[in-house]
Structures are given as structure tokens and as C-alpha cells.
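K.L.:
need a structure here:
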Amino acid sequence: MSQIGNKIKSLRKLKGYSQEELAEAAQVNLRTIQRIENNSNNPRGKTLQLICEALETNTEEIMSYGKEKDLNYLSLVHLSVLSFFVVPLGNIILPLILWVSKKDKIEGLDSLGKNILNFQIVWTTLCVLCMVLIIFYPTYFDYAFAFLSIITIINFILPLIFAIKTNKEKNKNRYPNLLRILR
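P.N.:
Numbering: from 1, shown residues only. A predicted model of the protein is given here:
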């Protein structure tokens, strides 16, 4: 049985629901519940949301069932962004590789990887814009260089702080969502 199917089945039994009762409470087909619990299907989207509501749980609890807890790997993903000092775009490529390779196996990695990649893509875009400004508009050199220096220092310090906090199991910190800030 799939890990998700196991979790749903155990939560269903814990609540004292039969498969029919869960299907009715979740407003999904009984056959859907049977397929999920028999590892024929994994619930996605609206179906997963409806089942979670019926079981009074959240989707993260269902989706993380069976994943291992690996704080060292999460710290490594944080630190991988520092590769931009050695490899151009390494701050995106290395975290992407680490995220894709184990996002379904390590608890918390999926959301962490998305958060880091969001931050790094926006950060890289800002760096490129600063460099373009420096090259094509030399009168703004001082401002662009100062801004570039500040955001580079931030992108050096944040991964270190978050990696240390992650190892101490205080991994609730997230990189700022720069896309929301820039709107």
C-alpha cells in the first residue's frame, strides 16, 4: 500500500469511519477511496483536500507521511546556494538538483526547495539588472554597486543562518518571498 494510502486508511480507522462514510463525508466516490487505500491511485488536488477536510487534517501531514527527517540534507540545500561564488547560476542549479532528487523522500524539502529557488531566481535577476545598470549607465555605478554588494552579503548570510537553525531543528524560517515584496 502506498504511504499516502496507509496514512489515509489509518486516519480513517482512527476516526472510526468506514470507507463509505469517508467517501460520503469527503464527497468523493467510494471507488476513489478504495483505489487510494489499495495503492491504485494517489489523491491529488481537490480530492486530497476534500479527504483531508473530512479527516480533519492538513494535506502536509498526509503528503509527508513516510518521508524521512534529514536535517543535514536540509542544511546542505540551504548552503548549496553559496555555490554562486564558484559557479555562475550555481545558486539555482545546485539547489534545484538537490531539491528534485529527494523532494519526495525528505520531510519539508519540497516547500523549502520552492522557497529557496524563488528567492535565488529573484536575487539573480536583481544582480543581473545591477550589472546591466553598472555597464550601460556608469553614472549610477555607486548606487548599483552598493545595492549589489548589500544583496550579495544578504545572500551569503541568510543561508548560513538558516542552515544553522535547521540543524538545531528551528527550521521554520523561510527566505523572504521577493516576488510578493516587489509587487
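
K.L.:
residue contacts, the most centrally placed residue in the chain?
P.N.:
Nearest to the mean C-alpha position of the chain, by C-alpha atoms, centre = their mean, lies residue 111 at 1.4 Å. With contact set as C-beta atoms under 8 Å, 6 or more residues apart in numbering, residue 111 has no partners. In this view, the C-beta of every residue, glycine as well, is placed from N, C-alpha and C.

K.L.:
Could you tell me the phi and psi values at it?
P.N.:
Backbone torsions of residue 111, given as degrees, to the nearest 10, read phi -70, psi -40.

K.L.:
Equivalent analysis for residue 106, please.
P.N.:
According to degrees, to the nearest 10, residue 106 has phi -120, psi 130.

K.L.:
so it makes contact with residue 67?
P.N.:
Yes. If you go by C-beta atoms under 8 Å, residue 106 and residue 67 touch, sitting 5.9 Å apart.

K.L.:
where does the chain dip in pLDDT?
P.N.:
1-2, 63-66, 170-173, 177-183 (pLDDT under 70).

K.L.:
returning to what we had before: which one's more surrounded, residue 106 and residue 67?
P.N.:
Taking other C-beta atoms under 10 Å, residue 106 and residue 67 do not tie; residue 106 has more neighbours (22 against 17).

K.L.:
Helices of this protein, start to end?
P.N.:
Ranges of helices in the chain, per DSSP state H, are 3-15, 19-26, 30-37, 45-55, 59-63, 71-80, 90-102, 109-136, 141-167, 178-182.

K.L.:
Not counting its neighbours along the chain, what's nearest residue 110?
P.N.:
residue 103 (4.5 Å; C-beta to C-beta, 6 or more residues apart in numbering).

K.L.:
Counting neighbours, what do you get for the one you found?
P.N.:
The local packing of residue 103 (other C-beta under 10 Å) involves 17 other residues.

K.L.:
any idea how far residue 45 is from the residue lying closest to residue 92 once chain neighbours are set aside?
P.N.:
In this structure, residue 92 finds its nearest non-sequential neighbour in residue 120, 5.0 Å apart by C-beta to C-beta, 6+ apart. From residue 120 across to residue 45, the span is 27 Å (C-beta to C-beta, to the nearest Å).

K.L.:
Which one's more surrounded, these two?
P.N.:
residue 120 (25 against 8).
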